[in-house]
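K.L.:
let me see the structure of the following:
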Amino acid sequence: MKVAKLVKFAQFVKDENGKVTKILPGEIRMDEEPVPEIGDDEVLLKILYFGICGSDQQIYHGLHMAVPEEKLPRVMGHELSARIVKTGKNVTDYRVGEKVVVQPQVFCGECYPCRIGRFNVCEHLEVMGVHRDGFNCEYAAVHTKYLHHVPQDIPADLLAIVEPLAVGVGCIKRSHYKGSNICVVSGGTIGNLAAQAAKGLGAGKVLVTDLLQPKLDYALECGVDYAMNTGKMSLKDAIGKCFGDRGADVIVDCVATPPVFNTILDATRSSSEIVVTGNYKVPVELFIPRLQRREVSLIGHMMYVREDYEDAIRLLSEGKINTSKLISQRWDFKDYQRAMEFADEHPTEVMKMIVKVAEDE
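P.N.:
Prediction:
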C-alpha cells in the first residue's frame, strides 16, 4: 500500500527584517508498505478521504512541538473517512463494508481526567497523525474504541469533516452557550463550524468576525446572524453593533495570536466567557485583574470528547451544517505534496482541502 510520509520540513526564507519572502517546500515521500495486520479487537480500514488541517501545516513547517525533526518521518492525517474491509474475531459492533469515522485520540483510560470522561485532556494523550503515525495512507489498522458509526448515506468526502466539526462542537459546549450571544473570532474552518455548531446546539444570536470578506459572506450563507469585518472596525465595536448593551456572553478565540487575544479581552463585558480553542505558539502577556475584577471566565478547550463527535455526526446528518463552500480544494492522493505547497502559496483561498485516497464504492 502507499503511505505518505513527511520526511523534511518546509523552510521559511526571511529577509534582513525577518519578513518571510518565500517558503521552500518540505518533502512528502510516497512509500510502499505491506497492508497492516489487525488484532482481534481491530478493523482494517480502507481510507477514502482525508482532510488537511492547520496542525498538519504546522507539522509540515516544523512548528508543531510534538513533531520535532528527530521524530521524522511522520505519517500525518487525523481527519478522515474510511470503509471497513476486514474485522478482528472479537469485533461484533462493526461490519465489513461499513463507512466509519475515526476519533484519533489515544488515551490511557486510567488518569483522573480519563476517569471522569475528559480523555481529551488525558495526562498521556497522543493524537494519531501527530504524536504517532496517522491516516495519510491507503489502509490502516484501528481498534474499534476509536471508531464511530455514521449514517451510510452521508458522502465520504463530507464525513472527512466530522473531526473538525467535532472541534467546533466541543468548543461551544465548553461555554454556557444555550440562548447566549456568541461571537466567534475567525471565519476559517474551525470558526465557521463552531458558529454553525452554536446555532445547531441552541445558542442565541451568533456573530462571526474575520478580515476576509468571502469567509464572512459564507458565514451568512451558513445561517449565522451577523458577520463583521474587523479590518474595518474593532472587535468591540462589532460586538456592540450586533449585540447592543448586552454584548457577547461568549467569545470563541479561533485565531490564537497575542494581538487578537488582547482585542478579545478588550471586547468582553463583566461576567462574559472567553473560550480558547486556537493553538497558541507564543506566550501572551495577561493582566489578571482584567479577568478577576470583572469575573470574566477564561476557558481552555482541547479537541473533543466522544459525545462531541456524536453531536457532530448528528448535526451533519440532520442537515444543520452548510457544507456548500466548506471544501475549497480537492486533490488526489498522488498530488498530496502539491496540496501542501498550494496552501502556502494561496493561504487566503483555502478553507478546507481534502484528499481523495480511494473511490467511495
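
K.L.:
drop to CA atoms for contacts and neighbour counts, all remaining ones
P.N.:
OK.

K.L.:
helices along the stretch 51-200 of the chain, start to end?
P.N.:
Assigned by DSSP state H, counting those that start in this stretch, the stretch 51-200 of the chain shows helices spanning 54-60, 112-115, 156-159, 162-173, 189-201.

K.L.:
quick check: angle from the fourth one to helix 189-201?
P.N.:
Looking back up the chat, that one is helix 162-173. 60 degrees (axes from the mean of the first three to the mean of the last three CA atoms, to 10 degrees).

K.L.:
I'd like to know which elements helix 162-173 is packed against.
P.N.:
Contacts defined by 3 or more CA pairs under 8 Å, 6 or more residues apart in numbering; DSSP states H and E place helix 162-173 against helix 189-201, strand 273-276, helix 306-317.

K.L.:
if we use 10 Å, what do you get?
P.N.:
If contacts are counted by 3 or more CA pairs under 10 Å, 6 or more residues apart in numbering; DSSP states H and E, helix 162-173 sits against strand 42-52, strand 80-87, strand 99-102, helix 189-201, strand 250-253, strand 273-276, helix 306-317.

K.L.:
what pairs with the second one, parallel or antiparallel?
P.N.:
Read it as strand 80-87. If you go by DSSP bridges, strand 80-87 pairs up with strand 42-52 (antiparallel), strand 99-102 (antiparallel).

K.L.:
could you dump those strands into TSV with mean pLDDT, mean neighbour count and distance to C171 added?
P.N.:
Converted to TSV, those look like this (pLDDT from 0 to 100; neighbours: other CA atoms under 10 Å; distance: least, CA to CA, whole Å):
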stretch	mean pLDDT	mean neighbour count	distance to C171
strand 42-52	98	26	20
strand 99-102	98	25	19
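
K.L.:
so, low pLDDT: which residues of the stretch 251-361 of the chain?
P.N.:
The stretch 251-361 of the chain contains no residues with pLDDT under 70.

K.L.:
one more time with 80
P.N.:
Across the stretch 251-361 of the chain, the ranges flagged by pLDDT under 80 are 361.

K.L.:
tell me where it has strands.
P.N.:
For the stretch 251-361 of the chain, the strands defined by DSSP state E, counting those that start in this stretch cover 273-276, 297-300, 327-332, 352-356.

K.L.:
what does the first one rub up against?
P.N.:
Contact partners of strand 273-276, identified using CA atoms under 10 Å, 6 or more residues apart in numbering, comprise 171-177, 182-184, 248-256, 261, 264-265, 268, 291, 295-302.
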